[in-house]
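Engineer: Need the 3D shape of this:
(5 chains)
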Amino acid sequence: MSLVFRSVDLDSKGALQVHEVESGVAPPPEGTLRWIDLSGENAALLDELRQRFDFHPLAIEDCRQFDQRPKLEEYRDHLFLVTQGFTSPGERVSELTLHELHAFLGKNYLVTVHTDELPAVEDAWRRVTQSSAALERGVDFVYYMIASRMVDADFPILDRITDELEGLEDRILEAPVKDDLSRIFELKRHLVMMRKVLSPQRDTMAMLSRRGDSRISERTSLYFRDVHDSLVRINESIEANRDLLGNALDAYLSTVSNRTNEIMKYLTLLSAVFLPLAFIVGFFGQNFDNLPGLPGWVHSDSLMRVMIVLCVLTPIGMTTWFKLRRWI
Amino acid sequence: MSLVFRSVDLDSKGALQVHEVESGVAPPPEGTLRWIDLSGENAALLDELRQRFDFHPLAIEDCRQFDQRPKLEEYRDHLFLVTQGFTSPGERVSELTLHELHAFLGKNYLVTVHTDELPAVEDAWRRVTQSSAALERGVDFVYYMIASRMVDADFPILDRITDELEGLEDRILEAPVKDDLSRIFELKRHLVMMRKVLSPQRDTMAMLSRRGDSRISERTSLYFRDVHDSLVRINESIEANRDLLGNALDAYLSTVSNRTNEIMKYLTLLSAVFLPLAFIVGFFGQNFDNLPGLPGWVHSDSLMRVMIVLCVLTPIGMTTWFKLRRWI
Amino acid sequence: MSLVFRSVDLDSKGALQVHEVESGVAPPPEGTLRWIDLSGENAALLDELRQRFDFHPLAIEDCRQFDQRPKLEEYRDHLFLVTQGFTSPGERVSELTLHELHAFLGKNYLVTVHTDELPAVEDAWRRVTQSSAALERGVDFVYYMIASRMVDADFPILDRITDELEGLEDRILEAPVKDDLSRIFELKRHLVMMRKVLSPQRDTMAMLSRRGDSRISERTSLYFRDVHDSLVRINESIEANRDLLGNALDAYLSTVSNRTNEIMKYLTLLSAVFLPLAFIVGFFGQNFDNLPGLPGWVHSDSLMRVMIVLCVLTPIGMTTWFKLRRWI
Amino acid sequence: MSLVFRSVDLDSKGALQVHEVESGVAPPPEGTLRWIDLSGENAALLDELRQRFDFHPLAIEDCRQFDQRPKLEEYRDHLFLVTQGFTSPGERVSELTLHELHAFLGKNYLVTVHTDELPAVEDAWRRVTQSSAALERGVDFVYYMIASRMVDADFPILDRITDELEGLEDRILEAPVKDDLSRIFELKRHLVMMRKVLSPQRDTMAMLSRRGDSRISERTSLYFRDVHDSLVRINESIEANRDLLGNALDAYLSTVSNRTNEIMKYLTLLSAVFLPLAFIVGFFGQNFDNLPGLPGWVHSDSLMRVMIVLCVLTPIGMTTWFKLRRWI
Amino acid sequence: MSLVFRSVDLDSKGALQVHEVESGVAPPPEGTLRWIDLSGENAALLDELRQRFDFHPLAIEDCRQFDQRPKLEEYRDHLFLVTQGFTSPGERVSELTLHELHAFLGKNYLVTVHTDELPAVEDAWRRVTQSSAALERGVDFVYYMIASRMVDADFPILDRITDELEGLEDRILEAPVKDDLSRIFELKRHLVMMRKVLSPQRDTMAMLSRRGDSRISERTSLYFRDVHDSLVRINESIEANRDLLGNALDAYLSTVSNRTNEIMKYLTLLSAVFLPLAFIVGFFGQNFDNLPGLPGWVHSDSLMRVMIVLCVLTPIGMTTWFKLRRWI
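Structural biologist: Numbers count the residues shown, from 1 in each chain, chains lettered A, B, ... in the order given. Coordinates of the predicted model:
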């Protein structure tokens, strides 16, 4: 995607100013609140940012690499925040997209850096540029709006996974197919990935809601507590889903083992009926083979009748014995 | 269900006043204790509440969504509490109903919000409106009465699950059927859900029993300690039930695997007896087939006797060998 | 059992006084140490206790229900303690009996409440009433004597379980029987129950050994530390036994799976020997059936010899091949 | 390898001095920063170090044994640090090499001790000796450069394992082979080893980033926080990989069990078709064997037709019944 | 073993005095350091100890029972320490011997009590009685020498287990035998036992290394930190070994299940080849049995050729189909 560089200012008189060109990136003057949003990759701009804002080299270095984990780092003048969230299109959760936002939060500025277009940022941008109300609540509140949207997007994913898992378990107990197995492992991979990201995300929000930091107003920290609360619920939901996933796998294994048992019983029943019959016809056959007076089975001699009776009684006896032992 | 809006006041002279109409929702005057109960959904009333009581927008927003987790949020003037509990009708725990209550607890008022009729709230309402004794102990004590009833309703559910699990395990070891498997997974889902709800519930009660908060009198905090204690027992019981459930699943799997083993032994015994017999009658049959002088088996020649002896000895030998190897 | 109500006093002059009748239950005068023991259920007495001693209603309510968990609750004038322990008669741990003792521990009094006769209480009663030495060490020491005896009774149970488990594992690896399986699950239930009780018991003892409470003398707290130490050992032993139990179950499953494998190998060997033989005698039989000059197998023609040689070589070849593949 | 002993000084005038010979090992004079690097084993030098620097005997003893765990020990004058990391050549992670570095960090000196050549040390040596900029930031920063390089080398190993695991799981679900099993266990051994080392490594870095120690400047502690952050990510990645490994093993077991089930179904189908057929031809064969007028099957009598019809219908009936029961 | 009672003194003039007879057991005079070592059981001596040293009755009671867990109990005048360690003779870890040492550590005395001869104590005794250097470092250092030796003896045991486990796993994947299974469970029992003992041992050493206790000099506490560090490594090694053990068990189960699968495939192949063949020869046999002109198979009629062709094609077709489905 093409690079986007834009900023919005709220000066001390309450006037909003939006810049969408690559002009000078600089900290706002005293009394002005400024949100700078960088999307796409631009090494030169990052360097400029570092010099003008005096950001720490380590934080800038992190900004160049988009595969961090959620974290909150405190520097003298600013907080450096990495926020992550997931989206997954479609009804079935088959592919997770990880969104990552880097942010520098100072007293009167917020600098957000991301590589691809984030719906959460677009949303906040619309609200901030439409009216001065949002920015008036402070740059920390703008960051809250973005983080909150990113976190909320995780709920529907987990709900869809929960729904699918409950159906999956029932279907497996009914009739397991091999695709269920790959689906189970695919979902487990998704949950492993979500937990890896959202568990530290919860911790950074806890820090933001707790702190007596000068960059987070007391009023906004209540909002971060709310985001933290959502993340606690999300993490509990991930754990509960892992439990359900374990159930689904156990269900699969038990059902396969059950079916093996069932088919084995049938095989044994078959053998129990036909192996003795084969012996009976083989044994009697060789003795009566050339017996005279054998035009058809209805007129056969008494030994032939014995054999036929045995051929009838053996299967009955075997199945009865199976029933008694409760094997079938 | 239709909307119910009602309030009960205890003024400084000890007089009870009950209002069941949609009149002005407002904080009580100094010296008066007021409990306001809202059931059903009414967005307008919530807005009114927010304005009159100056409740935090985040708390009001939570009140509009009934799928929270138990929590305790502290605001300047009030506590916001989400309490949850379960009921399950019938002898067999087949369906869990989750009850959720939202409450604002101030110094001299309690506002409870819920969507469906809660037995715990009805109970407390009866006790509060019948005599002034209950409300005299403070609005925190009224909240205790409700929360305590909601928590106590969880015990019989867990006891019934424990009882069923012990019976289930024995029955599975005796003769496992497929329904046992789905029952195990159903109960596990119930326990996953209960733990998800009742584990944070325990933590909120711990906070209520511990705090030197001005909204919770020291006397009432002893009562919350008691509820917390119940929740600790409930959570321990959930864990113990999960252990028993694991036992039941292990029992199912071991028993199926046992039965497969048993039936396999029988199949092998069958084959061990009849496969050699089939060979014997096949081998000898072709040699003696057309031998003269074979009117019946009692007068057969000596080789025929050899065959019959083999047909008798082989099964005996095979089963003896099986017994020696302790396979049967 | 019939109700027993008794008390023993040690007055300031060191004189012991024992009362075994239902006289007035009251706190002792200053300078006198009093132990009151209630066994059996008596609602009226509990009410009297509550009024005279000013016990908290919640504690009294707990005393009416004997299915609590071990706990320590601190009230202004006294501690309320629930202590639990197990006994199991016989050599084999087949049934666990849970003993429960409720106690109110004040500065100069100890009130113990229980429904059935507890050996630990009887023991302490004997020691206290025989000489004034025990009571002279304080009512907290009397409680220690009882609690210590109850805890010590758990050791032999766990030792017996450990011993049985080690034997069980060996026996299962040798030859698993179905009863082993139910025994494993029975022992696991016992351990689940013991852990549920003895883990909180450990925590209450830790609190008693730690506290600078006025009701526990520093001298006696050393003794509670000893009980706590015992409970830590007991809980570690429970965990170790759970590990051993997991071993026993794994051993069972592996051995069954092993035996299935072994019997399957035998079945396959049988089939590998006799299925080809059946084909051979079937194939040759139909060709040579009516060949002239076949009085007995010793004089058979050369093709017959071929068949017999095949009937001998096939089993030898099959078993050799099996041996080479290390299946048998 | 041959012994290397070298040191680099930065004196108060900013001049760099490099010594590569075995000259006197001593603490630097005030105002000079000195890094001494010892590779290879030399007991005498260690003794000299101990005397000149007054290192603790326990730390020196640790330096003689290269199989420590990562740790940070504080002594009066210096910190003693053990740092560990892994490298693994090739695309496939088949062999892990553990690198271990021992370091004494004083106010103005850093002494590093290692047995084999470490790329991280060589790198830092190059940077330090090329320009005085690195050493000017302090000896703690030099240690950071080494530790950071060692930690960063762990990432590609874990990434390669993750990649392999995801492919492995899919391949196993497709068609498991026995080598997959040994590969799973090999990777698990690697992860067990990495966790054993990198989990304490994370803790030592946390200590370095937290401390108000005089030997770590505040500026450098930010860098150690960054290394700590990397180690947290690495440890999370190890856990996630363990989860994926569990998946792969479960996939293997389920697939094998699935295939056994599938092959068993086929065996049973075979038996269900051919065992009845064998009985049919055996039964009818003995009756019609010598019937006159049997030149070919097309002109056979009606009973022969019955048999042939049975021989056709039986397999059809059996497979139909199997399909109905959804076994095939 | 016979009772040994001995003591060694270091008086204020630096003179060593060794007593090996049962003389008066008493605390040393001011300025003298004394180590008293008791081995074997002697109730009278323990009583004497208790009176002369004023040891706590609970500590003395513990000394009479040698089946404690590692612990550190603080009394007014002394510490009571229980230390445990393992030895195992031979190359293969088949039997673990638990060594237990009880020690009273005062300001200027150390009393050690044990039932059997401990190598660690003998070692320390030799060093202490040979030169006054060891005792000059204080009685706490003497205790360190003993404890350190006992802990170090655990390393080779764990290393041998690790080595065996890695070999075991490979061997199991190659060809599992039943003894491997019992060996796995035996090793697991060992590890369960070691963890039960060495995990609390680690905690007591942590306490000794941390405390500002007057009985442990600051200098010696560094040494206890070293022992603690060893115990942390030992406990990590136990956990890693448990993981490897889990691997070995999983490997066993997977391999057995694999082999069952493999043998089942072979059985099914056998059946797939010979069951159809049996039908073919049975079917054709009854039709061509008495056909004229059948002197040998080479001159048989065309139907006979059909049968022979079928007998050749069927096995080829079956195995081909198996190969296509990748069953063999």
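
Engineer: ok, A:Ser148 - contacts?
Structural biologist: Taking C-beta atoms under 8 Å, 6 or more residues apart in numbering or on different chains, we find A:Ser148 in contact with A:Tyr223, A:Asp226, A:Val227, A:Ser230. C-betas here are computed from N, CA, C, even on glycine.

Engineer: so which of those comes closest to chain E?
Structural biologist: Comparing the contacts of A:Ser148 against chain E with C-beta to the nearest C-beta places A:Ser230 closest, at 34.8 Å.

Engineer: Throw the contacts of A:Ser148 into JSON lines and include distance to B:Leu49, thanks.
Structural biologist: Below are the contacts of A:Ser148 laid out as JSON lines (distance: C-beta to C-beta, whole Å):
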{"residue": "A:Tyr223", "distance to B:Leu49": "20"}
{"residue": "A:Asp226", "distance to B:Leu49": "19"}
{"residue": "A:Val227", "distance to B:Leu49": "24"}
{"residue": "A:Ser230", "distance to B:Leu49": "23"}
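
Engineer: From those, which land in helices?
Structural biologist: Of the positions in those, A:Tyr223, A:Asp226, A:Val227, A:Ser230 sit in helices, assigned by DSSP state H.

Engineer: Please name the nearest non-neighbouring residue to the second one.
Structural biologist: Nearest non-adjacent residue to A:Asp226, counting by C-beta to C-beta, 6 or more residues apart in numbering or on different chains: B:Leu58, 5.0 Å away.

Engineer: Chain C: which of the contacts of A:Ser148 is nearest?
Structural biologist: A:Ser230 (32.7 Å).

Engineer: So the closest one versus chain D, what's the distance?
Structural biologist: As judged by C-beta to the nearest C-beta, to the nearest Å, A:Ser230 and chain D stand 21 Å apart.

Engineer: Contact partners for that residue?
Structural biologist: If you count contacts by C-beta under 8 Å, 6+ apart, then A:Ser230 has A:Ser148, A:Val151, A:Asp152, A:Phe155 around it.

Engineer: in the host helix or strand of A:Leu45, what counts as buried?
Structural biologist: Secondary structure from DSSP states H and E places A:Leu45 in helix A:43-53. The neighbour-count check on helix A:43-53 (16 or more other C-beta atoms under 10 Å in any protein chain shown) flags A:Leu45, A:Leu46, A:Leu49, A:Arg50, A:Phe53 as buried.

Engineer: Over to stretch A:125-143?
Structural biologist: So for stretch A:125-143, counting by 16+ other C-beta under 10 Å, buried means A:Trp125, A:Val128, A:Thr129, A:Ala134, A:Leu135, A:Arg137, A:Gly138, A:Val139, A:Asp140, A:Phe141, A:Val142, A:Tyr143.

Engineer: picking up where we left off before, list the contacts of the helix or strand containing the residue nearest to A:Asp226.
Structural biologist: For B:Leu58, the element it lies in under DSSP H and E is helix B:57-64. If you take C-beta under 8 Å, 6+ apart as the criterion, helix B:57-64 is touched by A:222-223, A:226, B:41, B:43, B:46-47, B:49-50, B:68, B:73, B:75, B:80, B:82, B:102, B:104, B:113.

Engineer: Using PyMOL, define a selection of the buried residues within the residues you listed.
Structural biologist: Here is the PyMOL selection string for the buried members of the contacts of helix B:57-64, based on 16+ other C-beta under 10 Å:
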select buried, (chain A and resi 222+223+226) or (chain B and resi 46+49+50+68+73+80+82+102+104+113)
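
Engineer: where do the helices sit along the stretch 51-200 of chain A?
Structural biologist: For the stretch 51-200 of chain A, the helices defined by DSSP state H, counting those that start in this stretch occupy A:57-64, A:119-130, A:133-136, A:139-152, A:154-174, A:178-210.

Engineer: Buried deepest among those helices, which one?
Structural biologist: helix A:139-152 (a mean of 23; mean count of other C-beta atoms under 10 Å in any protein chain shown).

Engineer: and the residue in the stretch 151-300 of chain A positioned nearest to chain C, what does it touch?
Structural biologist: Of all residues in the stretch 151-300 of chain A, A:Ala278 sits closest to chain C, at 9.2 Å by C-beta to the nearest C-beta. A:Ala278 is in contact with B:Phe274, B:Ala278, D:Leu275, D:Ala278, D:Phe279, D:Gly282, counting by C-beta under 8 Å, 6+ apart.

Engineer: try it again with 7 Å
Structural biologist: By C-beta atoms under 7 Å, 6 or more residues apart in numbering or on different chains, the contact list for A:Ala278 reads B:Ala278, D:Ala278, D:Phe279, D:Gly282.

Engineer: Three-state assignment for it, please.
Structural biologist: helix (DSSP: H, G, I helix; E, B strand; the rest coil).

Engineer: Specify which member of the buried residues of helix A:43-53 is nearest to D:Leu191.
Structural biologist: A:Leu46 (35.4 Å; C-beta to C-beta).

Engineer: Output the helices of the stretch 51-200 of chain A as CSV; include the columns mean pLDDT.
Structural biologist: Below are these laid out as CSV (pLDDT from 0 to 100):
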stretch, mean pLDDT
helix A:57-64, 88
helix A:119-130, 92
helix A:133-136, 88
helix A:139-152, 94
helix A:154-174, 91
helix A:178-210, 92
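
Engineer: Nearest to C:Leu96, out of these?
Structural biologist: helix A:154-174 (34.8 Å).

Engineer: helices and strands around that closest one, which ones?
Structural biologist: Taking 3 or more C-beta pairs under 7 Å, 6 or more residues apart in numbering or on different chains; DSSP states H and E as contact, the helices and strands that helix A:154-174 lies on are strand A:79-87, helix A:178-210, helix A:218-288, helix B:178-210.

Engineer: Now distance to D:Val197 too, for the ones you listed, in JSON lines please.
Structural biologist: Converted to JSON lines, the helices and strands packed on helix A:154-174 look like this (distance: least, C-beta to C-beta, whole Å):
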{"stretch": "strand A:79-87", "distance to D:Val197": "26"}
{"stretch": "helix A:178-210", "distance to D:Val197": "20"}
{"stretch": "helix A:218-288", "distance to D:Val197": "27"}
{"stretch": "helix B:178-210", "distance to D:Val197": "34"}
